[in-house]
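Visitor: mind looking at a prediction? Sequence and model below.
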2 protein chains.
Amino acid sequence: MATTTPIPTPSPGQTGTDPDLPSLCRALAERAVRAARELAAVPGARKAACLCDAAARIRADLAGILAANALDTVAAEAMGLSVAAIDRLRLDRARIEGIAAGLEAVAVQPDPVGEVLEERVRPNGLCVRKVRVPLGVVLFIYESRPNVTADAAAVAVASGNAIILRGGKEAARSSRRLVDACRAALDAGGLPVDAVQLVETADRDAVGILLGMADAIDVVIPRGGEELVRRVTAEARMPVLKHFTGNCHVYVDTAADLAMARTILVNAKCQRMGVCNAAESLVVHRAVAEAFLPAVAADLAAHGVEIAGDDAVCRLVPAAVPATADDYACEYLGPRISAVVVDSLDAAIDHVNRYGSRHTDAIVTADPAAAERFATRVDTAVVMVNASTRFNDGGELGLGAEIGISTDKLHARGPCGTRELTTYKYIVTGAGQIRS
Amino acid sequence: MATTTPIPTPSPGQTGTDPDLPSLCRALAERAVRAARELAAVPGARKAACLCDAAARIRADLAGILAANALDTVAAEAMGLSVAAIDRLRLDRARIEGIAAGLEAVAVQPDPVGEVLEERVRPNGLCVRKVRVPLGVVLFIYESRPNVTADAAAVAVASGNAIILRGGKEAARSSRRLVDACRAALDAGGLPVDAVQLVETADRDAVGILLGMADAIDVVIPRGGEELVRRVTAEARMPVLKHFTGNCHVYVDTAADLAMARTILVNAKCQRMGVCNAAESLVVHRAVAEAFLPAVAADLAAHGVEIAGDDAVCRLVPAAVPATADDYACEYLGPRISAVVVDSLDAAIDHVNRYGSRHTDAIVTADPAAAERFATRVDTAVVMVNASTRFNDGGELGLGAEIGISTDKLHARGPCGTRELTTYKYIVTGAGQIRS
């Protein structure tokens, strides 16, 4: 079985950057470049077969993965990780089956590579084709959950990219075991094994070194807390595809079906509070504030959710606390929501554009013109009209597995799956044409 | 007639940053944000009519533009600009007609905004549409030529974006006159006049201040010398769409028609030497080196072009000078070309990937398998098979007017026209769906 070529972990007590670290990182990146160049030419069927083989190897290694994960979990408990974090880290038979099934789900998606996006023949006979190609080398920096390791590797391989995985140290042993299964499948299928590499050194300087290698790494995708994303954005010398915060809004319009609005808001806020597509901000048109706010406040209170509101909200909801400006910009990921009353649709749009994070924003309205105006003018990846923000997810939108949800506007926006890890090139074929 | 709201030029002799400059830049950027939000909802026909009106106003202001340009030209001569630079700066009746016709050419292109890129209905009834939308606010930093001012404004308005233009000071008066025509047309058409703004201060700190405004400016496009692009890339806090160097290669394969290869190489290098899609590097397969190099060297010598070659080239071409590693990476933009002899197609691919700038790279070959391998494995925006590199141009490829040629891989690659100044959003329409 092929194994990763690890960057050695520095001995305990060692401080400062390992003098060999830059050259080790350079070697790792160059292996990725070579692997990417090979993988770019591999047909979709062979990539799909490799992912299915990786799934089979993960199922076959159930005991080994569980043992590695048990060590990770014990260490995490000793490190004092939260119960929620340890729950995200822990694998069992069902979760491992889910990881294997996830690889198979990516395998059945159409291969984006080689798709001819446009084709035209010029008057001089030149044939101009715009062809979808992989990005090349992806650096993925993420936190803890082992299933993300497998998902990211699968999306990268399916789209013909080499991926360098830098996961949280809490899941190091579990991730290593999953990566070994992927690399063994690449090797068995005659695909470049370095298409999937794990950065295993505990030396945090490795990330900084890799972020400087714009000549070898085409894009970095940070997925984790705000601090991680900010650090990567500040240091990266290559483009960053950000999975940033989700300060998602629900706007209840004057023409809203208020029963629908209550259902949507409660689902968007309460169905799962710790996720990026949960609602964090409620915006209510003044004309329906009195009919809507006390009722929905009772719903939210029943779920233990506190409201931080402006003056109008606090008048209508005695239990609400006064909101600060920070509240309106906050991604709580917990039992609190900001709320404001606005005088018009345009004031609602302004509020969302001012405080939102361009992730997911919803309007509840029976007025198509209001929905259209909101959808056009709110600058966000996903606009929900009369639906819960919780549907912003590659699977829920029918887009397939994702490596993250981009809050950027350039290159890729919203769920990022295999197609979002591609670019294009023009291939122009002639018979000796020259320019006059 | 509407005029730009200029940022005042600091008094002569003033040093350091004008204390008002940050707030003036902020006000300018916020006007652009508001204009972008309005323009995003404007139908294509109204944008097209505005561009045609701007063309008419430019034709009507012929005398005024010529007078402004004469002042620019006199000042440029006094500053000691090169003859070539002054030629690029100088306008005459024909060039002004070309600028007006360029605006009309953009006006007749299809409106990219609002295009439904994908649409699907989910099993739960959610309708998921992926819709093309403008990027928002574009900061365009470029050098001298006045026609670029008008082209960039037209491409931006046609794609629903607000643009902030920061051109070279040599063309300041000419650009101002052209921008005034565009703003007057926007105003007359009821479109937001601040969709086109010119940064007129001579204070170079304005650029640095604008590059920090990631909250207001969605993308910066630098187009000019290498130093400008490097500075912008280093300082920008928003994504950069780079129009970087064009170190374009022509590879002459063992299966090349050598007469065709000579014609293509001479056209690619000599038809216009100072442009980004001119060839700067020649790569020749060893099997045809003896038959090809002396002959093409004579062609190049007739055009005054010197060859900087490796040992094998220097043996076959006595007039060649030895190449350094810098030669292989150089964008000469003048009468010199680097040349190497390689032992295989893959060695040629490695040379191009190592030294190329991902702009335009050509292969001359009669072997379709070699062409396919080169096209797949060379990491470049445009691969030319049996055609001159000089065809990498929006017009020549049938893509329409461009704001630049991207050497980046993310978001947009190759010629950047109206579509490349767009992104997309998902608009999801439901009837109260919540996630279970």
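Guide: Yep, it's here.
Visitor: from here on, contacts and neighbour counts on C-alpha atoms
Guide: Fine.
Visitor: wouldn't residue A:277 be in contact with residue A:392 here?
Guide: Yes - assessed by CA atoms under 8 Å, residue A:277 is found in contact with residue A:392 at 6.3 Å.
Visitor: count of neighbours near residue A:155?
Guide: 28 (other CA atoms under 10 Å in any protein chain shown).
Visitor: for it, what are its contacts?
Guide: A:106, A:401, A:402, A:403, A:417, A:418 (CA atoms under 8 Å, 6 or more residues apart in numbering or on different chains).
Visitor: quick one: the closest residue to residue A:365 other than its chain neighbours and residue A:271, what's the gap?
Guide: Leaving aside its sequence neighbours, residue A:365 sits nearest to residue A:256 (CA to CA, 6 or more residues apart in numbering or on different chains; 3.9 Å). As judged by CA to CA, to the nearest Å, residue A:256 and residue A:271 stand 21 Å apart.
Visitor: quick one on the thing from earlier: by neighbours, which of the contacts of residue A:155 wins?
Guide: Going by other CA under 10 Å, residue A:418 tops the contacts of residue A:155 with 28 neighbours.
Visitor: so what pLDDT did it get?
Guide: At residue A:418, the pLDDT value in this model is 96.
Visitor: try the one 10 residues further on
Guide: At residue A:428, the pLDDT value in this model is 97.
Visitor: what strand or helix carries it?
Guide: strand A:422-433 (DSSP states H and E).
Visitor: can you list the neighbours in contact with that strand?
Guide: By CA under 8 Å, 6+ apart, strand A:422-433 touches A:112-113, A:124-135, A:159, B:260-261, B:263-264, B:375, B:380-388, B:409-414.
Visitor: and these, which of them are buried?
Guide: A:112-113, A:126-135, A:159, B:260-261, B:263-264, B:375, B:380-388, B:409-414 (16 or more other CA atoms under 10 Å in any protein chain shown).
Visitor: the residues you listed in helices, which ones?
Guide: B:260, B:261, B:263, B:264, B:375 (DSSP state H).
Visitor: ok, now how distant is the second one from residue B:276?
Guide: The one in question is residue B:261. Separation of residue B:261 from residue B:276 (CA to CA): 20 Å.
Visitor: still on that earlier bit, reformat the contacts of residue A:155 as a markdown table; add secondary structure and distance to residue A:356.
Guide: As requested, the contacts of residue A:155 are exported to a markdown table (DSSP: H, G, I helix; E, B strand; the rest coil; distance: CA to CA, whole Å):
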| residue | secondary structure | distance to residue A:356 |
| --- | --- | --- |
| A:106 | helix | 31 |
| A:401 | coil | 25 |
| A:402 | coil | 22 |
| A:403 | coil | 22 |
| A:417 | coil | 23 |
| A:418 | coil | 27 |
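Visitor: spatially, which two of these are the most separated?
Guide: Spatially, the most separated pair among the contacts of residue A:155 is A:106 and A:403, at 11.2 Å (CA to CA).
Visitor: quick check: buried residues in the host helix or strand of residue A:25?
Guide: Remark: residue A:25 resides in helix A:21-39, with elements defined by DSSP H and E. Neighbour counts over helix A:21-39 (16+ other CA under 10 Å) mark A:21-22, A:24-25, A:28-39 as buried.
Visitor: what's the closest of those to chain B?
Guide: residue A:37 (6.2 Å; CA to the nearest CA).
Visitor: show the pLDDT at that closest one.
Guide: The model reports residue A:37 with a pLDDT of 94.
Visitor: likewise for the one 10 residues further on?
Guide: In this model, residue A:47 is scored at 98, pLDDT.
Visitor: which ones are touching the closest residue in space to it that isn't next to it in sequence?
Guide: Closest residue to residue A:47 apart from its sequence neighbours, by CA to CA, 6+ apart: residue A:158 at 5.9 Å. Residue A:158 is in contact with A:44, A:47, A:48, A:51, A:106, A:107, A:111, A:418, counting by CA under 8 Å, 6+ apart.
Visitor: tell me which element the second one is part of?
Guide: Using DSSP H and E, the secondary-structure element containing residue A:47 is helix A:44-60.
Visitor: elements contacting that helix?
Guide: Applying 3 or more CA pairs under 8 Å, 6 or more residues apart in numbering or on different chains; DSSP states H and E, one finds that helix A:44-60 contacts helix A:93-107, helix A:146-158, helix A:172-188.
Visitor: may I have the last one as PDB, with CA atoms only?
Guide: Below are the C-alpha coordinates for helix A:172-188, written out as PDB (Å, rounded to 0.1, in the frame of the first residue of the first chain):
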ATOM      1  CA  ALA A 172      -4.400  13.800  12.200                       C
ATOM      2  CA  ARG A 173      -4.400  10.000  12.700                       C
ATOM      3  CA  SER A 174      -7.900   9.600  11.200                       C
ATOM      4  CA  SER A 175      -7.100  11.800   8.200                       C
ATOM      5  CA  ARG A 176      -3.900  10.000   7.600                       C
ATOM      6  CA  ARG A 177      -5.700   6.700   7.500                       C
ATOM      7  CA  LEU A 178      -8.200   8.100   5.000                       C
ATOM      8  CA  VAL A 179      -5.600   9.700   2.900                       C
ATOM      9  CA  ASP A 180      -3.600   6.400   2.800                       C
ATOM     10  CA  ALA A 181      -6.700   4.700   1.300                       C
ATOM     11  CA  CYS A 182      -7.000   7.400  -1.300                       C
ATOM     12  CA  ARG A 183      -3.300   7.200  -2.200                       C
ATOM     13  CA  ALA A 184      -3.500   3.400  -2.400                       C
ATOM     14  CA  ALA A 185      -6.400   3.700  -4.800                       C
ATOM     15  CA  LEU A 186      -4.600   6.200  -7.000                       C
ATOM     16  CA  ASP A 187      -1.500   3.900  -7.000                       C
ATOM     17  CA  ALA A 188      -3.600   0.800  -7.900                       C
END
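Visitor: what's that helix packed up against?
Guide: So helix A:172-188, by 3+ CA pairs under 8 Å, 6+ apart, packs with helix A:44-60, helix A:62-79, helix A:146-158, strand A:196-198.
Visitor: quick check: mean pLDDT of it?
Guide: For helix A:172-188, the per-residue pLDDT averages 97.
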